[in-house]
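A.B. asks: Give me a model of this one.
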Amino acid sequence: MDKKGSIRKRYILKRKNNYFEIKENFFFPLIKLIKSKFQNKKLLISLYYPNSHELNILKIFNQEKLRKHTFLLPVIEKDIFMSFHEWKKQDILNLNKYGIPEPIKHKKRTPHVILVPLVAYDKFKNRLGYGKGFYDKYLKKYLNMPNKILKVGIAFSFQKYHNLPSTRNDVKLDYIITEKGII
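C.D. replies: Numbers count the residues shown, from 1 in each chain. Sure thing, here's the model as predicted:
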């Protein structure tokens, strides 16, 4: 097993053993960040459907200050790519081959903000995911665009690793939000 695989295995178990439900104030730094970057613009915000003890981001629907925005969820396409589609909390979802709920495909949308799940992160804003590269492949397409996508990792503070190995295929996050604040 390579170094990333070893870290991934250890931190997936760590997340399972230390999981807890977040409080409503978890989203306050995110709200402040979005407001500072986008003023009062109506945004397309990509969420993820929590799986395997990922932080439960769906509590975002309880945040009054975020209700005006449109939410998206990722959809896996052709086993190697990902796109984003509108989703409302009450919409019906399908399970993909990984057992993760996805919206029934509607018009593809490009998010202004992507809330990214992760297995581990470091102080350099490197992210370790599950190893398939879906987020990295998607985000690489937008790195040099004038309207870059704001990339925000969502994690528990105990998911911090001292220095993750990274390659040229890995896309750094802009920010990471944990229950202890924003990095």
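
A.B. asks: Look through the chain and tell me its longest strand.
C.D. replies: The longest strand of the chain (DSSP state E) is strand 70-77.

A.B. asks: Partner strands of that one, with direction?
C.D. replies: With DSSP bridges as the test, strand 70-77 is paired with strand 44-46 (parallel), strand 81-86 (antiparallel).

A.B. asks: and among those, the most buried is which?
C.D. replies: strand 44-46 (a mean of 21; mean count of other C-beta atoms under 10 Å). The way it works is simple: take the backbone N, C-alpha and C, and place the C-beta from them, glycine included.

A.B. asks: where along this structure do the strands fall?
C.D. replies: 44-46, 70-77, 81-86, 93-95, 101-103, 113-117, 120-121, 127-128, 150-154, 175-178, 181-182.

A.B. asks: Select, out of those, the one closest to residue 160.
C.D. replies: strand 120-121 (6.0 Å; C-beta to C-beta).

A.B. asks: Which other helices and strands does the closest one contact?
C.D. replies: helix 3-18, strand 127-128 (3 or more C-beta pairs under 8 Å, 6 or more residues apart in numbering; DSSP states H and E).

A.B. asks: Other residues contacting the first one?
C.D. replies: In this case it means helix 3-18. 1, 52-54, 119-120, 128, 130-131, 156, 158-159, 161, 164-165 (C-beta atoms under 8 Å, 6 or more residues apart in numbering).

A.B. asks: which of these are buried?
C.D. replies: With burial judged by 16 or more other C-beta atoms under 10 Å, the buried subset of the contacts of helix 3-18 is 53, 54, 119, 120, 128, 156, 158, 159, 161, 164.

A.B. asks: Using CSV, please lay out these together with distance to residue 178 and pLDDT.
C.D. replies: Shown next, in CSV, are the buried ones among the contacts of helix 3-18 (distance: C-beta to C-beta, whole Å; pLDDT from 0 to 100):
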residue, distance to residue 178, pLDDT
53, 15, 95
54, 13, 95
119, 14, 97
120, 12, 98
128, 15, 97
156, 6, 97
158, 9, 98
159, 8, 98
161, 13, 97
164, 16, 97
